[in-house]
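> Okay, sequence plus prediction incoming.
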Amino acid sequence: MFRPTWKYFSWQTALAGFLWCLVMMFMISWYISIAVIVLVLMLYLYINSHKARNDWGDSSSGLKFSIIRQLLDTLDIHSITHAKNWRPQALVMFQVDRDGVATDDDLLLFAGHMKKGRGLLMFMGTLEGDPVKEFPYVVQARDNLADKLKLFKIEGFCRVIAVRNAFSAFIAAFQSIGIGALRPNTVVTNWNYDWKMDLTKAGQFVDSLKTALIAERAIIIFKQTHHDQTIQVLSNVKPVTGTYIDIWWIVYDGGVNPSSLLAQET
(Lines give C-alpha, C1' and ligand atoms only; values in the text may rest on other atoms or scores of the structure.)
Protein backbone atom coordinates (compact mmCIF):
# COMPACT_ATOMS: atom_id res chain seq x y z
CA MET A 1 0.00 0.00 0.00
CA PHE A 2 1.29 3.49 -0.87
CA ARG A 3 2.14 5.32 2.35
CA PRO A 4 4.34 8.39 1.64
CA THR A 5 6.36 9.59 4.63
CA TRP A 6 6.92 13.11 3.27
CA LYS A 7 4.60 15.28 5.35
CA TYR A 8 3.96 17.75 2.54
CA PHE A 9 2.60 15.11 0.17
CA SER A 10 -0.90 15.62 -1.24
CA TRP A 11 -2.86 14.09 -4.10
CA GLN A 12 -3.19 17.53 -5.74
CA THR A 13 0.58 17.91 -6.17
CA ALA A 14 0.86 14.29 -7.32
CA LEU A 15 -1.82 14.86 -9.96
CA ALA A 16 -0.12 18.06 -11.11
CA GLY A 17 3.17 16.18 -11.48
CA PHE A 18 1.49 13.45 -13.53
CA LEU A 19 -0.14 15.96 -15.87
CA TRP A 20 3.13 17.85 -16.30
CA CYS A 21 4.97 14.62 -17.21
CA LEU A 22 2.20 13.81 -19.71
CA VAL A 23 2.51 17.23 -21.34
CA MET A 24 6.30 16.95 -21.55
CA MET A 25 5.97 13.51 -23.13
CA PHE A 26 3.81 14.91 -25.94
CA MET A 27 6.07 17.94 -26.37
CA ILE A 28 9.09 15.67 -26.90
CA SER A 29 7.39 13.33 -29.40
CA TRP A 30 3.64 13.28 -29.79
CA TYR A 31 3.46 10.28 -32.18
CA ILE A 32 5.63 8.06 -29.94
CA SER A 33 3.51 9.11 -26.96
CA ILE A 34 0.32 8.07 -28.73
CA ALA A 35 1.91 4.75 -29.77
CA VAL A 36 2.98 4.03 -26.18
CA ILE A 37 -0.51 4.83 -24.82
CA VAL A 38 -2.13 2.56 -27.42
CA LEU A 39 0.28 -0.29 -26.59
CA VAL A 40 -0.42 0.08 -22.87
CA LEU A 41 -4.19 0.00 -23.45
CA MET A 42 -3.86 -3.09 -25.67
CA LEU A 43 -1.75 -4.81 -23.01
CA TYR A 44 -4.35 -3.94 -20.34
CA LEU A 45 -7.23 -5.28 -22.45
CA TYR A 46 -5.29 -8.47 -23.21
CA ILE A 47 -4.52 -9.16 -19.54
CA ASN A 48 -8.07 -8.30 -18.49
CA SER A 49 -9.66 -10.53 -21.15
CA HIS A 50 -7.51 -13.53 -20.10
CA LYS A 51 -8.28 -12.88 -16.42
CA ALA A 52 -4.66 -13.27 -15.45
CA ARG A 53 -4.15 -14.27 -11.83
CA ASN A 54 -1.78 -12.26 -9.65
CA ASP A 55 -0.45 -12.50 -6.12
CA TRP A 56 0.29 -8.85 -5.42
CA GLY A 57 -3.24 -7.80 -4.52
CA ASP A 58 -5.56 -5.19 -5.91
CA SER A 59 -4.91 -1.53 -5.13
CA SER A 60 -8.46 -0.54 -6.14
CA SER A 61 -9.89 -2.81 -3.42
CA GLY A 62 -7.77 -1.07 -0.81
CA LEU A 63 -8.92 2.33 -2.08
CA LYS A 64 -12.58 1.29 -1.97
CA PHE A 65 -12.14 -0.05 1.56
CA SER A 66 -10.56 3.22 2.70
CA ILE A 67 -13.35 5.34 1.16
CA ILE A 68 -16.10 3.16 2.66
CA ARG A 69 -14.51 3.28 6.11
CA GLN A 70 -14.26 7.09 5.98
CA LEU A 71 -17.90 7.37 4.87
CA LEU A 72 -19.03 5.09 7.70
CA ASP A 73 -17.18 7.31 10.18
CA THR A 74 -19.07 10.37 8.93
CA LEU A 75 -22.50 8.66 8.83
CA ASP A 76 -24.52 9.75 11.84
CA ILE A 77 -26.96 7.14 13.10
CA HIS A 78 -29.27 9.83 14.54
CA SER A 79 -29.71 11.51 11.13
CA ILE A 80 -30.79 8.31 9.37
CA THR A 81 -33.22 7.36 12.16
CA HIS A 82 -35.06 10.69 11.98
CA ALA A 83 -38.73 10.32 11.05
CA LYS A 84 -38.32 12.08 7.69
CA ASN A 85 -35.17 10.14 6.76
CA TRP A 86 -36.35 6.74 7.98
CA ARG A 87 -36.42 4.02 5.37
CA PRO A 88 -36.71 0.26 5.92
CA GLN A 89 -33.22 -1.23 5.84
CA ALA A 90 -34.12 -4.88 5.86
CA LEU A 91 -32.61 -7.99 7.38
CA VAL A 92 -34.35 -10.98 5.76
CA MET A 93 -34.27 -14.08 7.99
CA PHE A 94 -35.14 -17.56 6.67
CA GLN A 95 -34.04 -21.18 6.84
CA VAL A 96 -31.96 -22.93 4.17
CA ASP A 97 -30.81 -26.50 3.56
CA ARG A 98 -27.28 -27.68 2.88
CA ASP A 99 -27.60 -26.65 -0.77
CA GLY A 100 -28.56 -23.10 0.16
CA VAL A 101 -32.16 -23.57 -0.98
CA ALA A 102 -34.48 -21.27 0.97
CA THR A 103 -37.67 -22.54 2.53
CA ASP A 104 -39.64 -19.96 0.58
CA ASP A 105 -38.40 -18.28 -2.62
CA ASP A 106 -41.38 -15.94 -2.53
CA LEU A 107 -39.94 -14.31 0.59
CA LEU A 108 -36.76 -13.48 -1.33
CA LEU A 109 -38.76 -12.08 -4.25
CA PHE A 110 -40.89 -9.99 -1.89
CA ALA A 111 -37.82 -8.48 -0.22
CA GLY A 112 -36.21 -7.82 -3.60
CA HIS A 113 -39.28 -5.99 -4.90
CA MET A 114 -39.55 -4.05 -1.65
CA LYS A 115 -36.06 -2.52 -1.89
CA LYS A 116 -35.36 -2.82 -5.63
CA GLY A 117 -31.61 -2.31 -5.16
CA ARG A 118 -32.02 0.81 -3.03
CA GLY A 119 -30.84 1.02 0.52
CA LEU A 120 -29.61 -1.84 2.66
CA LEU A 121 -30.87 -5.38 2.08
CA MET A 122 -29.28 -8.31 3.92
CA PHE A 123 -30.26 -11.96 3.55
CA MET A 124 -29.48 -14.25 6.47
CA GLY A 125 -30.04 -17.97 5.84
CA THR A 126 -29.92 -20.24 8.88
CA LEU A 127 -28.76 -23.84 8.49
CA GLU A 128 -30.27 -25.56 11.50
CA GLY A 129 -28.51 -28.50 13.16
CA ASP A 130 -25.22 -29.29 14.87
CA PRO A 131 -22.87 -26.40 13.88
CA VAL A 132 -19.85 -28.73 13.92
CA LYS A 133 -21.49 -31.02 11.37
CA GLU A 134 -23.22 -28.33 9.32
CA PHE A 135 -20.39 -25.80 9.13
CA PRO A 136 -18.63 -27.52 6.17
CA TYR A 137 -21.75 -26.85 4.09
CA VAL A 138 -21.98 -23.13 4.95
CA VAL A 139 -19.69 -21.77 2.21
CA GLN A 140 -21.31 -23.78 -0.59
CA ALA A 141 -24.78 -22.93 0.70
CA ARG A 142 -23.90 -19.23 0.70
CA ASP A 143 -22.55 -19.39 -2.86
CA ASN A 144 -25.71 -21.19 -4.02
CA LEU A 145 -27.87 -18.60 -2.28
CA ALA A 146 -25.92 -15.78 -3.94
CA ASP A 147 -26.46 -17.44 -7.34
CA LYS A 148 -30.19 -17.66 -6.61
CA LEU A 149 -30.33 -13.94 -5.79
CA LYS A 150 -28.52 -13.14 -9.04
CA LEU A 151 -30.98 -15.35 -10.91
CA PHE A 152 -33.86 -13.41 -9.36
CA LYS A 153 -32.02 -10.12 -10.09
CA ILE A 154 -32.10 -9.19 -6.40
CA GLU A 155 -29.41 -6.81 -5.15
CA GLY A 156 -28.30 -7.39 -1.58
CA PHE A 157 -25.81 -9.06 0.72
CA CYS A 158 -26.26 -12.69 1.69
CA ARG A 159 -24.87 -14.90 4.41
CA VAL A 160 -25.49 -18.41 5.72
CA ILE A 161 -24.83 -19.42 9.32
CA ALA A 162 -24.97 -22.82 11.03
CA VAL A 163 -27.07 -22.74 14.22
CA ARG A 164 -28.59 -25.14 16.72
CA ASN A 165 -31.75 -23.11 17.07
CA ALA A 166 -33.05 -20.90 14.27
CA PHE A 167 -35.05 -18.59 16.52
CA SER A 168 -32.13 -18.00 18.90
CA ALA A 169 -30.09 -17.07 15.84
CA PHE A 170 -32.95 -14.78 14.81
CA ILE A 171 -32.59 -12.80 18.05
CA ALA A 172 -28.79 -12.67 17.92
CA ALA A 173 -28.68 -11.68 14.23
CA PHE A 174 -30.70 -8.47 14.30
CA GLN A 175 -28.85 -7.31 17.43
CA SER A 176 -25.32 -7.86 16.08
CA ILE A 177 -25.38 -7.65 12.29
CA GLY A 178 -24.18 -4.45 10.64
CA ILE A 179 -21.37 -2.00 11.25
CA GLY A 180 -21.57 1.54 12.62
CA ALA A 181 -24.71 3.29 11.42
CA LEU A 182 -25.01 0.83 8.53
CA ARG A 183 -27.26 -1.70 10.21
CA PRO A 184 -30.76 -2.99 9.46
CA ASN A 185 -33.72 -1.37 11.21
CA THR A 186 -36.33 -3.81 9.89
CA VAL A 187 -36.61 -7.57 10.28
CA VAL A 188 -38.36 -9.52 7.51
CA THR A 189 -39.25 -13.16 8.07
CA ASN A 190 -41.76 -15.87 7.28
CA TRP A 191 -44.93 -16.58 9.18
CA ASN A 192 -44.70 -19.69 11.35
CA TYR A 193 -47.21 -21.88 9.52
CA ASP A 194 -46.67 -24.88 11.83
CA TRP A 195 -47.48 -23.08 15.05
CA LYS A 196 -50.40 -25.41 15.81
CA MET A 197 -48.27 -28.54 15.49
CA ASP A 198 -45.18 -27.32 17.37
CA LEU A 199 -46.12 -25.10 20.31
CA THR A 200 -42.50 -24.82 21.47
CA LYS A 201 -41.38 -23.20 18.23
CA ALA A 202 -44.54 -21.11 18.22
CA GLY A 203 -43.55 -19.70 21.61
CA GLN A 204 -40.00 -19.06 20.38
CA PHE A 205 -41.39 -17.26 17.35
CA VAL A 206 -43.50 -14.95 19.54
CA ASP A 207 -40.56 -14.31 21.87
CA SER A 208 -38.39 -13.41 18.88
CA LEU A 209 -40.92 -10.83 17.70
CA LYS A 210 -41.23 -9.40 21.22
CA THR A 211 -37.44 -9.05 21.42
CA ALA A 212 -37.32 -7.30 18.05
CA LEU A 213 -39.98 -4.83 19.21
CA ILE A 214 -38.08 -4.13 22.44
CA ALA A 215 -34.95 -3.55 20.34
CA GLU A 216 -36.98 -0.95 18.36
CA ARG A 217 -36.85 -2.86 15.09
CA ALA A 218 -39.69 -2.72 12.61
CA ILE A 219 -41.08 -6.16 11.75
CA ILE A 220 -42.45 -7.41 8.44
CA ILE A 221 -43.93 -10.93 8.50
CA PHE A 222 -44.46 -12.48 5.08
CA LYS A 223 -47.57 -14.68 5.13
CA GLN A 224 -48.93 -16.37 2.04
CA THR A 225 -52.62 -17.09 1.58
CA HIS A 226 -53.70 -20.49 2.87
CA HIS A 227 -57.23 -21.82 2.88
CA ASP A 228 -57.10 -22.68 6.60
CA GLN A 229 -55.49 -19.43 7.75
CA THR A 230 -58.07 -16.83 6.77
CA ILE A 231 -58.56 -14.13 9.36
CA GLN A 232 -62.12 -13.82 10.61
CA VAL A 233 -63.31 -10.62 12.24
CA LEU A 234 -66.71 -10.31 13.91
CA SER A 235 -68.48 -7.09 12.98
CA ASN A 236 -71.85 -5.77 14.14
CA VAL A 237 -73.56 -7.17 11.05
CA LYS A 238 -71.78 -10.28 9.84
CA PRO A 239 -68.36 -11.97 9.98
CA VAL A 240 -65.79 -10.27 7.75
CA THR A 241 -62.94 -12.28 6.24
CA GLY A 242 -59.72 -10.94 4.83
CA THR A 243 -56.16 -10.06 5.67
CA TYR A 244 -55.05 -7.25 7.95
CA ILE A 245 -52.54 -4.73 6.57
CA ASP A 246 -50.79 -2.35 8.97
CA ILE A 247 -49.97 1.07 7.52
CA TRP A 248 -47.55 3.39 9.34
CA TRP A 249 -47.98 7.06 8.52
CA ILE A 250 -45.08 9.49 9.00
CA VAL A 251 -46.61 12.49 10.79
CA TYR A 252 -44.49 15.65 10.67
CA ASP A 253 -41.51 15.20 13.03
CA GLY A 254 -43.30 13.12 15.58
CA GLY A 255 -42.51 9.65 14.24
CA VAL A 256 -44.92 7.09 12.89
CA ASN A 257 -48.52 6.32 13.81
CA PRO A 258 -50.15 2.98 13.05
CA SER A 259 -53.51 2.31 11.52
CA SER A 260 -55.03 -0.97 10.37
CA LEU A 261 -56.92 -1.78 7.21
CA LEU A 262 -58.73 -4.94 6.25
CA ALA A 263 -58.15 -6.09 2.69
CA GLN A 264 -61.35 -7.83 1.71
CA GLU A 265 -61.12 -11.13 -0.07
CA THR A 266 -63.05 -11.36 -3.33
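That came through, no problem. Numbering: from 1, shown residues only.
> how long is stretch 179-199 end to end?
Between the opening and closing residues of stretch 179-199 there is a gap of 35 Å (CA to CA, to the nearest Å).
> Kindly report the same for stretch 176-184.
Across stretch 176-184, the terminal residues are separated by 10 Å (CA to CA).
> Run the chain-centre distance for that stretch.
For stretch 176-184, the separation from the chain centroid amounts to 10 Å (computed by CA atoms, centre = their mean, to the nearest Å).
> and the nearest residue to Arg164 once chain neighbours are set aside, how many neighbours?
For Arg164, the nearest residue in space outside its immediate sequence neighbours is Pro131; the separation is 6.5 Å by CB to CB, 6 or more residues apart in numbering. The way it works is simple: take the backbone N, C-alpha and C, and place the C-beta from them, glycine included. When neighbours are counted by other CB atoms under 10 Å, Pro131 registers 13.
> Which residues lie in contact with Pro131 in this structure?
Ala162, Val163, Arg164 (CB atoms under 8 Å, 6 or more residues apart in numbering).
> got the contact list for the residue lying farthest from the centre of the chain?
In terms of distance from the mean C-alpha position of the chain, Ile28 ranks first, at 52.4 Å (CA atoms, centre = their mean). When contacts are counted by CB under 8 Å, 6+ apart, Ile28 is found next to no other residue.
> so what's it scoring on pLDDT?
According to the prediction, Ile28 has pLDDT 90.
> how close does it get to Gln204?
Ile28 sits 75 Å away from Gln204 when distances are taken as CB to CB, to the nearest Å.
> For stretch 111-121, give me every contacting residue.
Taking contacts as CB under 8 Å, 6+ apart, the residues outside stretch 111-121 that touch it are 87-90, 92, 123, 149, 152-157, 182-184, 188, 220.
> Stretch 192-212 too?
Asn165, Phe167, Ser168, Phe170, Ile171, Phe174, Val187, Ile219, Ile221, His226, Gln229.
> What are the buried residues along it?
Buried residues in stretch 192-212, counting neighbours by 16 or more other CB atoms under 10 Å, are found at Asn192, Gln204, Phe205, Ser208, Leu209, Thr211, Ala212.
> Repeat that for stretch 138-154.
Buried residues in stretch 138-154, counting neighbours by 16+ other CB under 10 Å, are found at Val138, Ala141, Arg142, Asn144, Leu145, Ala146, Lys148, Leu149, Ile154.
> doesn't Gly100 make contact with the second one?
The one in question is Ala141. Yes - taking CB atoms under 8 Å as the definition, Ala141 is a contact partner of Gly100 at 3.6 Å.
> Please identify every residue contacting each of those two.
In terms of CB under 8 Å, 6+ apart, Ala141 and Gly100 are both contacted by the residues Gly125, Val160.
> Buried among the contacts of stretch 111-121? Need that as a selection in PyMOL.
Buried members of these, defined by 16+ other CB under 10 Å, are picked up in PyMOL with:
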select buried, resi 88+89+90+92+123+149+154+156+183+184+188
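> Now the element after the helix or strand His113 falls within, going C-ward?
When secondary structure is defined by DSSP states H and E, His113 falls within helix 105-115. Following the chain from helix 105-115 toward its C-terminal end, the next helix or strand by DSSP H and E is strand 121-128.
> From Gln175, how far out is the nearest residue to Pro184 once chain neighbours are set aside?
Among residues not flanking Pro184 along the chain, Leu91 sits closest, at 3.7 Å (CB to CB, 6+ apart). In this view, Leu91 and Gln175 are 10 Å apart by CB to CB.
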